[in-house]
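need a 3D model of the sequence below.
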Amino acid sequence: MINKNKLMILNFLIASVFFLNCSSNDDPKETQTEETPAEVVSYDIVVDAKGTGDFTTVQAAINSIAFLKTSETKILVKNGTYKEKLEVPLNKNNISLIGESKEKVILTYDDYASKKNSEGKDIGTSGSASFIVTGNSFKAQNITFENSSGPVGQAVAVRVDGDKIVFDNCKFLGFQDTLYPRSTTSRQYYKNCYIEGTTDFIFGASTAVFDQCEIFAKTGGAYLTAASTDEKNPYGLVFLNCKLTTNSGNSSYYLGRPWRNYAKTVFVKCEMAAHIKPEGWHNWSKPEAEATTFYAEYLSTGLGANTASRVSWSHQLTLEQFTNQYTLSAIFKDWTPVL
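This next block holds a predicted model:
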């Protein structure tokens, strides 16, 4: 039989163990974002400009991650404006960058293509990017990416070279050349994103799917897209169930023009405002591109969706083409994007 003293000691030990387990501060950190208030998520690294996290800058957090890491590293970025020219380098893979709030986590920089480098040469369009992703299997969520240089010509907010890239509930702000899916071997998935700009503000050679995104054409431009798809690639820029919105005038924007002659751009079940020109597409003064591009739509709606006057060299997908060729599995093959 246990006497009272022994029983008191035993109860004290049990309570102590319970308290230590409940109050442990060991990593990973657990918190929730404003975008998902009901969800508690564990993070490996916390970035906070105010100094309450592991790092005060996003680049320092990225730099701390080992090369060729095969497991996911989750970085929480606390609310704030971070003026940094950022890069996720080659072989820094499986990084997830998660903002506390899409509207309040702003990653921004103000380079532009005609800005001079230390040798007095233009840094160029690729060099103007505020945020560059070269590593593979990168994800971003609840973040605003911005090039804040203004209407000064080419000025990229985000450039993506890596493969298997996901942007979920993000914003991309700029003017000309806002978003640059650059590499011919890159596959990218954008879900519930907002992308704004003026001329060619979504452009490049990658296979990129924009799913339920808002594509906002600002006053002062004329072309939504400028694909440079490789001849061997069956897909370029694909827009699924997107809204094309604007503060520009009626019939002021083309859906796209070919930066390279094998450009491929398709709009599927998209709602188009009145800023879309009746002819839809432009050949960039390259008549030969009319025979090599693939510009198509399927079941467009809205004031800009009347296809009766579309250029003769564009296409309307058939039901069979839509069903068999424009699913995520058909486009991305062996990769399934996971949000």
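
where does residue 41 land on pLDDT?
Per-residue pLDDT puts residue 41 at 76.

surely it meets residue 72?
No - with contacts counted by CB atoms under 8 Å, residue 41 stays clear of residue 72, the gap being 11.8 Å. For glycine as for every other residue, the C-beta is placed from the backbone atoms N, C-alpha and C.

more neighbours, the two?
With other CB atoms under 10 Å as the criterion, residue 41 and residue 72 differ in neighbour count, and residue 41 comes out ahead with 15 against 12.

which residues sit in contact with the more buried one?
The neighbours of residue 41, taking CB atoms under 8 Å, 6 or more residues apart in numbering as the test, are 30-33, 74, 76, 98.

now with 7 Å, please.
31-32 (CB atoms under 7 Å, 6 or more residues apart in numbering).

which residues does it bridge with?
With DSSP bridges applied, residue 41 shows beta-bridge pairing to residue 31.

would you quantify the distance from it to residue 142?
Counting by CB to CB, to the nearest Å, the separation of residue 41 from residue 142 is 11 Å.

so where's this protein shaky on pLDDT?
1-28, 36-40 (pLDDT under 70).

show me the contacts for the residue positioned nearest the centre of it.
If you average the C-alpha coordinates of the chain and look for the closest C-alpha using CA atoms, centre = their mean, you land on residue 167, 4.0 Å from that point. Counting by CB under 7 Å, 6+ apart, residue 167 touches 140, 190, 193.

how about the strands in the stretch 1-150 of the chain?
Per DSSP state E, counting those that start in this stretch, the stretch 1-150 of the chain carries strands over the ranges 29-31, 41-43, 45-47, 73-77, 80-83, 86-88, 95-99, 105-109, 131-133, 139-141, 144-147.

show me what the fourth one is packed against.
Right, strand 73-77. Packed against strand 73-77, as judged by 3 or more CB pairs under 7 Å, 6 or more residues apart in numbering; DSSP states H and E, are the following elements: strand 41-43, strand 45-47, strand 95-99.

what sits up against the second one?
Taking contacts as CB under 7 Å, 6+ apart, the residues outside strand 45-47 that touch it are 29, 53-55, 57-58, 61, 64, 73, 75-78.

recalculate using a threshold of 8 Å.
Outside of strand 45-47, the residues that reach it under the criterion CB under 8 Å, 6+ apart are 29, 31, 52-58, 60-61, 64-65, 73-78, 82.
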